[in-house]
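**Q** Just the structure for this:
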Amino acid sequence: METRKGIFILGQLLNFPYIRFYEEFTDDPQAPLSGELRNKNILFTVEALSRVLRQGNFIYRKDIDPDRREIDSKLWIRSLDGFRVVRLFEGENIELTFQITGRKPGGMLLEIDPWWQPTMQEPIRKGYYGICDDVLLYNIPIEDYNRYARCEVPMMYSFPLLNERLYLNYKAQHYVDPIKDLMFGRPIPSEYNVFFSLYANFTEHKEQLLTLYR
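**A** Residues are numbered from 1 along each chain as shown. Next up is the predicted model:
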């Protein structure tokens, strides 16, 4: 999958809407894969809208055997109930003010199995209004953030928000999650400006931003 123009990441489609991404970036999406997919480190697994597949640039590799192991993390973090207004990048070219979920910084630790499938007996998940399998912590202490830093947020990524999230991981050369940083009230670097312009649907420069991905 292409992140920004010319930078691709290795991924695998799981049960809709989940996509697993690996720590494997390249500028040549047709290059032979070194080693088996099952031996690659997972970057993260997220939910994505079908329009990500329709609007994004994917190179499907039939020469790579899929990894069918159910090894994706079941720990996810949801924002707290309520809402609050945040202001980012004060004094910079694009200052953003928008509303996010969570009446205060922090989150809930949830158990969500990406491989779960609905059945006649269990048509929806059994925990917290059907959005998870179980609630493990109703309020994660702010000081425990690093303990859960690799837990994903259950949200349906769109195009090109997911592409920009992946590109930020490529630029940082390690795992980053702007949404979770904002959720927990952590410092937001200026490098996240494009990501949050897309997230907040800041339309003034939207067409210009889209040229980064098309």
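
**Q** can we go C-alpha only for contacts and neighbour counts from here?
**A** OK.

**Q** got the buried residues for the strand ranked longest in the chain?
**A** Ranked by residue count and defined by DSSP state E, the top strand of the chain is strand 18-26. Applying a neighbour-count criterion of 16 or more other CA atoms under 10 Å, one finds Tyr18, Ile19, Arg20, Phe21, Tyr22, Glu23, Phe25 buried in strand 18-26.

**Q** Among those residues, which one sits closest to Asn93?
**A** Of all the buried residues of strand 18-26, Asn93 sits closest to Phe25, with 29.9 Å by CA to CA.

**Q** and that closest one, what are its bridge partners?
**A** Residues in a beta bridge with Phe25, per DSSP bridges, are Ile9.

**Q** Contacts only, for it.
**A** Ile7, Phe8, Ile9, Leu10, Tyr170 (CA atoms under 8 Å, 6 or more residues apart in numbering).

**Q** element containing the residue most central in space within the chain, please.
**A** Nearest to the geometric centre of the chain sits Val46, at 5.1 Å (CA atoms, centre = their mean). Assigned by DSSP states H and E, Val46 falls within strand 42-48.

**Q** hmm, who's touching that strand?
**A** Contact with strand 42-48 is made by 16-23, 72-73, 150, 152-158, 162, 175, as judged by CA under 8 Å, 6+ apart.

**Q** ok now the helix or strand just after it, how far from the chain's centre?
**A** On the C-terminal side of strand 42-48, the nearest following helix or strand under DSSP H and E is helix 50-55. In terms of CA atoms, centre = their mean, to the nearest Å, the centre of helix 50-55 is set 15 Å apart from its chain centre.

**Q** buried sites along helix 50-55?
**A** Buried residues in helix 50-55, counting neighbours by 16+ other CA under 10 Å, are found at Val52.

**Q** And for stretch 130-138?
**A** Counting neighbours by 16+ other CA under 10 Å, one finds that the buried residues in stretch 130-138 are Ile131, Cys132, Asp133, Asp134, Val135.

**Q** By mean pLDDT, flag the weakest helix or strand of the chain.
**A** helix 206-210 (a mean of 87; mean pLDDT, DSSP states H and E).

**Q** What is that helix packed up against?
**A** Using 3 or more CA pairs under 8 Å, 6 or more residues apart in numbering; DSSP states H and E as the contact definition, helix 206-210 packs against no other helix or strand.

**Q** Cool, thanks, talk later.
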